[in-house]
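Enquirer: Please work out how this folds:
(one chain, ligands or ions: 1)
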Amino acid sequence: MRVIDSHTEGEPTRVILSGGPDLGGGSMGERAARLARDHGDFCRSVVREPRGPEAMVGALLVPPSRPGSVAGVIYFNAAGNLGMCGHAAIGTAITLAHMGRIGPGLHRLETPVGVVTVDLHSGHDASITNVESYRLHKAVTVEVPGLGPVTGDIAWGGNWFFITRDLPCALEPENIRHLTDATLRIRQVLQDQGWTGVQGAWIDHVVLLAPCDGADARNFVLCPSGSYDRSPCGTGTSAVLACLAADGQLKAGQPWVQKSIIGSTYTLHCEMGENGGIIPTIRGRAWVTAEAVLHFAPGDPYVAGIVPA
Ligand code: PYC
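Expert: The predicted structure follows:
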């Protein structure tokens, strides 16, 4: 299986160029559902140890369903499919540029949750105009064991997020273990109490948000696999902007600089959407780190990845 690895502001992406499953025809949503239903072992084998680091997001390139798009792409991590993925979209754009498949300017990428636009500024710098993002519930309070009451908004930015400013400790890299543990507990309580996105969707990401120097905010983002986002999380910050806009705290075109837990940044702005939400644009940088051929030897006991205990 031929892959190209990159990182976007610290968060890894693995673009699968060949050797992936044939998902047949149909819409991106239908093909993503087939990937999740029939090819779980394939996904886990690509992004789990021993072949992938825990934060790895896979990006399976498929033929687009409509003319005018450069590619279709289905994102997944060790826990399953992602609807959209901001850092992996930037990583995919930089990978396509590295391969000579796109040059500077505008390009369309199809995802299972809609078409996103890539504006390639240079070989390491791209903007992604995301799907319409919106807040579903404001100020949901849950009682979290060991933390007490935690209040946050539930919002969509291409994935489902619970966003809170109630912090278990400072958003500093030395607290990553504690932040991971706290956000796992918040997510579990939301699930136990039946909080979901639309159509019962799992709220699989949790964003902790705090003021900081040199940016509008710093975040810590728990991802579905239980790892944390090294980048400032494109879909998560899209969801944050949707909440700020809904509260009248962010205007169309106003820049927002988002810092990640490791200190990397995205710059975003938004336009108003057609359905009451916002259309965010996320600008960030990515670098190719490897071009590789993955091997899946018969008899390898970890051919489908190590399943955490
Ligand atoms: O950048 O949207 C993002 C993202 C989601 C999960 C990891 N990164």
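Enquirer: which residue ranges form the strands in the stretch 201-309 of the chain?
Expert: Using DSSP state E, counting those that start in this stretch, the strands of the stretch 201-309 of the chain run over residues 205-212, 215-222, 256-259, 265-272, 278-293.
Enquirer: Against residue 32, how distant is the closest residue to residue 251 other than its chain neighbours?
Expert: Computed as C-beta to C-beta, 6 or more residues apart in numbering, the closest residue to residue 251 that is not its neighbour in sequence is residue 245, at 7.8 Å. The C-beta positions use only the backbone N, C-alpha and C, and glycine is treated the same way. Going from residue 245 to residue 32 by C-beta to C-beta, to the nearest Å gives 28 Å.
Enquirer: Any part of whichever strand or helix holds residue 95 near the ligand?
Expert: Counting by DSSP states H and E, the element that carries residue 95 is helix 86-98. Yes - shown here: helix 86-98 in contact with the ligand (C-beta under 6 Å from any ligand atom) through 86, 87.
Enquirer: residues in contact with the residue most central in space within the chain?
Expert: Central residue of the chain (C-alpha atoms, centre = their mean): residue 85, 3.3 Å from the mean position. Residue 85 is in contact with 13, 57, 59, 75, 158, 159, 234, 235, counting by C-beta atoms under 8 Å, 6 or more residues apart in numbering.
Enquirer: Tabulate the residues you listed (TSV), appending distance to residue 290, secondary structure and neighbour count.
Expert: Shown next, in TSV, are these (distance: C-beta to C-beta, whole Å; DSSP: H, G, I helix; E, B strand; the rest coil; neighbours: other C-beta atoms under 10 Å):
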residue	distance to residue 290	secondary structure	neighbour count
13	11	strand	30
57	15	strand	28
59	14	strand	27
75	19	strand	27
158	26	coil	28
159	26	coil	28
234	22	helix	33
235	25	helix	34
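Enquirer: Now cross-check those residues against the ligand and list the overlap.
Expert: Okay, of these touching the ligand (C-beta under 6 Å from any ligand atom), that's 57, 234, 235.
Enquirer: Does the first one touch residue 82 like I think?
Expert: Yes - proximity of residue 57 to residue 82 meets the contact threshold set by C-beta atoms under 8 Å, at 6.8 Å.
Enquirer: then the next helix or strand after the helix holding residue 95 to PDB, C-alphas only?
Expert: Counting by DSSP H and E, the next helix or strand C-terminal to helix 86-98 is strand 105-111. Extracted C-alpha coordinates of strand 105-111, given in PDB (Å, rounded to 0.1, in the frame of the first residue of the first chain):
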ATOM      1  CA  GLY A 105      -5.100  28.400  -6.500                       C
ATOM      2  CA  LEU A 106      -8.600  27.000  -5.800                       C
ATOM      3  CA  HIS A 107      -9.500  23.300  -5.900                       C
ATOM      4  CA  ARG A 108     -12.500  21.200  -4.700                       C
ATOM      5  CA  LEU A 109     -12.300  18.200  -2.400                       C
ATOM      6  CA  GLU A 110     -15.400  16.000  -1.900                       C
ATOM      7  CA  THR A 111     -16.000  14.600   1.600                       C
END
